[in-house]
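Novice: Dropping the sequence and predicted coords here.
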Amino acid sequence: MSHSVMSTLMGGERLPRWLPRVALLLAMVLWGSSFVALKYSFQEMHPLMVILGRMAVASLCFLPFGRLFFRMGLRWHHLLPLVTMCLCEPCFYFLFESAALVHTTASQAAMITTMLPLMVAISAGFFLSERVGLRTVCGFIIAAAGALWLSISAEETAQAPNPILGNFLEFMAMVCATAYTILMKRLSKELHPFFLTGMQAFAGTVFFLPVLLLPSVRSTCFSVNGWIAVLYLGTVVSVGAYGLYNFGISRIPAGQASAFVNLIPVFAIMIGFLVLDERLTSWQWLASGLVMTGVFLSQGAADLNRIKRRS
């Protein structure tokens, strides 16, 4: 890596204003594909083995930067929020999401993620003393109603044996992602997002390592197609998508950055249709539209102007 590129990564040069937004857009494309890759890999290997492999591959990608991480300025007061952030995501987040994708489709799970921006905005009001408008609260209620409708109207299929449970577990993953986003925003003021991404990978590997003691996990370790998906998830998604997202959220307000999450289901549904032949019913399309309506309602002109002024 050249000196100029490294300087840019580490914040040594002034970056174009559009670059964080492009990074967030690319992260959403990769995250959209991750739902499909996870769903596919779970058909080949035990879900916990997939998550462990993903974290281990990501950790190996960060090992060459070990010396650099020791010079990142980590202090004692960073430890509690850093550990909490890593527990929220990837640890508990992946526990909930892996369980969710066993019971529901990649498309439905991805649609539940559209609630994340509203959950971040409301949580920021409680924990960061940010103003939360009535429009945001109404949008959250509508989106939540749409997510509930999406789950209730889902039909049990081979791809989704228990969609109501699966979608609820994906919602719990979004609760973890909300806490992660707020902690990430706070920590990125003092620690570089590249370092935080690496810490997530290492923490996830340590957290999921004990699953190798489970006989059911060890028996599914040897699947060529499964390991190809794991390599993709560990390198392109865990390193690429998280790195891009952490970079983007460190440069623009958390509420504005989390709004990009609304694009995940668009990419996930497209890729799920092409790769897994997943399809939503007419009622589920209407429910998905209700979720998106709630999300867009929360992004009123006044809210957007307020975000722009903060940035």
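Specialist: Cool, the structure landed.
Novice: Okay, now the unreliable bits of the stretch 151-300 of the chain?
Specialist: Low-confidence segments of the stretch 151-300 of the chain, defined by pLDDT under 70, span residues 151, 154, 254-256, 258-259, 280, 294-296, 298-300.
Novice: where do the helices sit along it?
Specialist: Secondary structure of the stretch 151-300 of the chain, counting by DSSP state H, counting those that start in this stretch: helices at 163-187, 193-208, 215-218, 224-232, 242-251, 254-258, 264-275, 282-298.
Novice: Pro81: which of those is closest?
Specialist: Across those, the minimum distance to Pro81, taken as C-beta to C-beta, is reached by helix 163-187, at 5.2 Å. Heads up, the C-betas are built off the backbone N, CA and C, glycines and all.
Novice: so what does that closest one touch, helix or strand wise?
Specialist: In this structure, helix 163-187 makes packing contacts with helix 76-86, helix 93-103, helix 106-112, helix 116-127, helix 134-152, helix 193-208, helix 242-251, helix 254-258, judged by 3 or more C-beta pairs under 8 Å, 6 or more residues apart in numbering; DSSP states H and E.
Novice: Highest mean neighbour count out of those helices?
Specialist: Each of the helices and strands packed on helix 163-187 was given a mean neighbour count from mean count of other C-beta atoms under 10 Å, and the largest, a mean of 28, is that of helix 106-112.
Novice: And that helix, what does it pack against?
Specialist: The contact analysis (3+ C-beta pairs under 8 Å, 6+ apart) places helix 106-112 against helix 19-44, helix 93-103, helix 134-152, helix 163-187, helix 264-275, helix 282-298.
Novice: what inclination does the shortest one have with respect to helix 163-187?
Specialist: Put plainly, it is helix 93-103. Angle between the axes of helix 93-103 and helix 163-187 is 160 degrees (criterion: axes from the mean of the first three to the mean of the last three C-alpha atoms, to 10 degrees).
Novice: any chance of the helices and strands packed on helix 163-187 in a markdown table, plus distance to Arg186?
Specialist: Written out in a markdown table, the entries for the helices and strands packed on helix 163-187 read as follows (distance: least, C-beta to C-beta, whole Å):
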| stretch | distance to Arg186 |
| --- | --- |
| helix 76-86 | 6 |
| helix 93-103 | 18 |
| helix 106-112 | 25 |
| helix 116-127 | 9 |
| helix 134-152 | 20 |
| helix 193-208 | 11 |
| helix 242-251 | 11 |
| helix 254-258 | 9 |
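Novice: between those helices, which gets nearest to Met270?
Specialist: Taking C-beta to C-beta as the measure, the helices and strands packed on helix 163-187 were each checked against Met270, and helix 106-112 came out nearest at 9.3 Å.
Novice: hmm, who's touching the closest one?
Specialist: Residues outside helix 106-112 that contact it (C-beta atoms under 8 Å, 6 or more residues apart in numbering): 32, 35-36, 38-39, 97, 100-101, 147, 150-151, 154, 160, 163, 166-167, 170-171, 174, 264-265, 267-269, 271-273, 276, 278, 280, 284, 288, 291.
Novice: Weed out the non-buried ones from the residues you listed.
Specialist: Applying 16 or more other C-beta atoms under 10 Å to the contacts of helix 106-112, the neighbour count classes 32, 35-36, 38-39, 97, 100-101, 147, 150-151, 154, 160, 163, 166-167, 170-171, 174, 264-265, 267-269, 271-272, 276, 278, 280, 284, 288, 291 as buried.
Novice: Nearest to Phe70 among the helices and strands packed on helix 163-187 would be which one?
Specialist: If you check each of the helices and strands packed on helix 163-187 against Phe70 by C-beta to C-beta, helix 193-208 wins as the nearest, at 9.9 Å.
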